[in-house]
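Undergrad: Got a sequence here, can you model it:
(chains A and B)
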Amino acid sequence: MRHCRRVWAFERVRTTLAASLCLACANFGLAAYGQLTYAEEVPRLTFAQLVDSIRANFEVTQTMKSYNGKEVEIHGFIIPAGPPDLSFFLLSRVSAMGNYCCEVPVGQDETVYVYAPKGVKILYDPLRVYKVRGAFEAGPYTDRIYGVSLFRVRNARVEEAVGAKIFKVGETPAPTPSK
Amino acid sequence: MTILMVALKYLRGRFVASALTSLSVALGVSLVVASVLLSRGIQQGFIEGTTDYSLLVGAKGSPTQLVLNVVFRMDVPTPNISYSTYGQLRDDPRVEVAVPVAMGDAYQGYRYVATTGGYFAAFPWRRKTFAISEGRFFRDDPPEQPMYEAMLGADAARLTGLRVGDRFHEGEEMAEYPMTVVGILRSTNSADDRAIFFSLASYWEMNEVSRKMKVKPLTAVLVRPKRMSDLAGLHRGVNVTAETQAVFPSAVLLNIFNVLRLVDAVIAIILAFVVLVVLLYLFVSMYSATLERKREIATMRALGARRATILGIVLLESCALAVIGGAFGIAGGHGVAYLGASMLAGRGGPVANLFAVGALEPVVFGSVVALGALAGLLPAVLAYRTEVAENLAPLS
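TA: Take a look at the predicted model:
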């Protein structure tokens, strides 16, 4: 009788463990799938596209404006122009730290104003490319604290842009947005 | 009698051992809480105490030294730059505001900061506001007519005992140029509270080297551009010259935070060992108590107590020790953090928001109770498996 009870208890524990494992796997799989789908859906904008979209009178094209309010991804260097919690910073095509590198961005067209109200926790490196995702805004706007801007990303999330794509000879390096 | 009451009676029964076990838990928890609070507070202190200016221009050298000295009044000043650098930046069409700053001597350790009225000006983009609590701001006097008027930060005034109208100097050489206190600032919760401000003209005249110079020296220039997007260009423009460097104060602080993260990682490893030692101590304490009590447990079992009840009593006892230790540890950790912050503040270190409400306390308390239950699990199983017949046999 005692032996039977022990066997029954062992079986129950085994069943519970197996069920928990299955649930955990399912959850992990769904999360991974969700991230994959999310990554595919977010269009990536490049600085070249931002520059091309600028028209006279500081206006931007309707194509670029069609991204307004939508989640986009932009890769660039962080210029910590705001507080050190990175609740605001500039995203630039070129690192501001190199004194020998290419031409520095000179205007609004090659700088994205990034707002992250809760701040950003990253290992900051001025010479590293970061991937910024958030709600995109195009068009002139004057912020009380940070002044006039042309392109903005709000509620931004930031991570290192690891695993940059390697292009073969003849391939176009600039990625095209999905839309 | 509930199992909780039995567990508490057991704790009271071996009061000294229970108190020592709780004390060890409390000490471990205090160490963890104080470390986290201080680390977070120092980082927050740097964030809140930083300048609202986006660019800092100074002599070539260490960017960290430049920011720590000019913004946080730490370290020694970087070498001088020419006043003409300030002129060029002021006249640059991309610059909205440029404020010259000269740093050097101190009075009773409170740094002299020579600047212009622009340093205290209010702008829509400035988080920090300066207000006078007593007296007035010093005058921007012309270079040929220095007034030697000084304005003190709130802490500098309080800790030196200087009042409006008092005259002071430090060192024999400065006796010819005593400063007169004309105003005291309200607290800004920044390094400016520990500074003594006066005009550039007064500063140049009271120092022999600058008195003889035709083009006067400065330590740094604080710069705010009209458009943030011009920052990169301004930064590069200054940095390609041989004499000056431009730094983003936030970039320097982020680099300091990167170093602090490494320190935090080392502290986390040490704290993990502390937690392990405390856990082992709690386990040994509960294990020995259970071994001592085998006869009592057998008696309870013989009187009809179920195995699960015995298991529950030992687990509750272990959790109770963890709860007491955790509660005292969290309170003690806050006390230690407060003392540490006071010591750091006394040395000019930035510490802020030490006791901001967060998830730390509930997470630590929950973890301590869970670890307490874990430490008591094996002794509880031992008690659960106590055989009545074996342990009720006559001792002789």
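Undergrad: what residues does chain B put near chain A?
TA: B:46-47, B:50, B:54, B:124-125, B:226-233, B:235-236, B:239-240, B:248-251, B:253-255, B:257-258, B:261 (CB under 8 Å from any CB of the partner chain). For every residue, glycine as well, the C-beta is placed using N, CA and C.
Undergrad: just the buried members of those residues?
TA: Using 16 or more other CB atoms under 10 Å in any protein chain shown as the burial test, the residues of chain B next to chain A include B:46-47, B:50, B:54, B:125, B:227-233, B:235-236, B:239, B:248-251, B:253-255, B:257 as buried.
Undergrad: Which elements pack onto the helix or strand where B:S18 lies?
TA: B:S18 belongs to helix B:15-49 when assigned by DSSP states H and E. If you count contacts as 3 or more CB pairs under 8 Å, 6 or more residues apart in numbering or on different chains; DSSP states H and E, helix B:15-49 packs onto helix B:249-292, helix B:307-346, helix B:360-384.
Undergrad: which residues of chain A score low on pLDDT?
TA: Applying pLDDT under 70 to chain A picks out residues A:1-40, A:98-109, A:163-179.
Undergrad: now the helices for it?
TA: With DSSP state H as the criterion, chain A has helices at A:2-41, A:47-52, A:62-65.
Undergrad: Now the last one: buried residues?
TA: Within helix A:62-65, the residues that qualify as buried are A:M64, counting by 16+ other CB under 10 Å.
Undergrad: In terms of secondary structure, what does that helix contact?
TA: Helix A:62-65 packs on strand A:129-143, going by 3+ CB pairs under 8 Å, 6+ apart.
Undergrad: and the strand it packs on with chain B, contact?
TA: No. Strand A:129-143 does not reach chain B (CB under 8 Å from any CB); its nearest approach is 8.9 Å.
Undergrad: In that strand, which residues are buried?
TA: Here strand A:129-143 shows A:130-138 as buried, counting by 16+ other CB under 10 Å.
Undergrad: returning to that earlier point: starting at the chain centroid, how far to the helix holding B:S18?
TA: Distance of helix B:15-49 from the chain centroid (CA atoms, centre = their mean, to the nearest Å) equals 14 Å.
Undergrad: Kindly report the same for stretch B:365-374.
TA: Distance of stretch B:365-374 from the chain centroid (CA atoms, centre = their mean) equals 28 Å.
Undergrad: quick one: contacts of that stretch?
TA: For stretch B:365-374, the external contacting residues (CB atoms under 8 Å, 6 or more residues apart in numbering or on different chains) are B:25, B:29, B:275, B:279, B:282, B:315, B:318-319, B:321-323, B:325-327, B:329-330.
Undergrad: Which of those sits closest to chain A?
TA: Closest approach between the contacts of stretch B:365-374 and chain A, by CB to the nearest CB: B:L315, at 18.5 Å.
Undergrad: Tell me how many other residues crowd that closest one.
TA: When neighbours are counted by other CB atoms under 10 Å in any protein chain shown, B:L315 registers 24.
Undergrad: That one reaches B:L378, doesn't it?
TA: No. Judged on CB atoms under 8 Å, B:L315 makes no contact with B:L378 at a distance of 10.6 Å.
Undergrad: beta partners of residue 59?
TA: Answering for chain A, as no chain was given. Note on A:E59: beta-bridge partners by DSSP bridges are A:R55.
Undergrad: wrong one, I was asking about chain B
TA: When bridges are called by DSSP bridges, B:A59 pairs up with B:T244.
Undergrad: Just give me the neighbour total for it.
TA: Residues near B:A59, counting by other CB under 10 Å, number 21.
Undergrad: tell me the contacts of it?
TA: Contacts of B:A59 (CB under 8 Å, 6+ apart): B:66, B:78-81, B:219, B:243-245.
Undergrad: Out of those residues, which is nearest to B:A298?
TA: Nearest to B:A298 out of these is B:L66 (CB to CB; 74.1 Å).
Undergrad: Can you verify the closest one is assigned to a helix?
TA: Yes. Applying DSSP: H, G, I helix; E, B strand; the rest coil, one finds B:L66 inside a helix.
Undergrad: what about it, distance to B:D192?
TA: 17 Å (CB to CB, to the nearest Å).
Undergrad: ditto for B:R139
TA: 19 Å.
Undergrad: just A:A135 next, same as before
TA: 37 Å.
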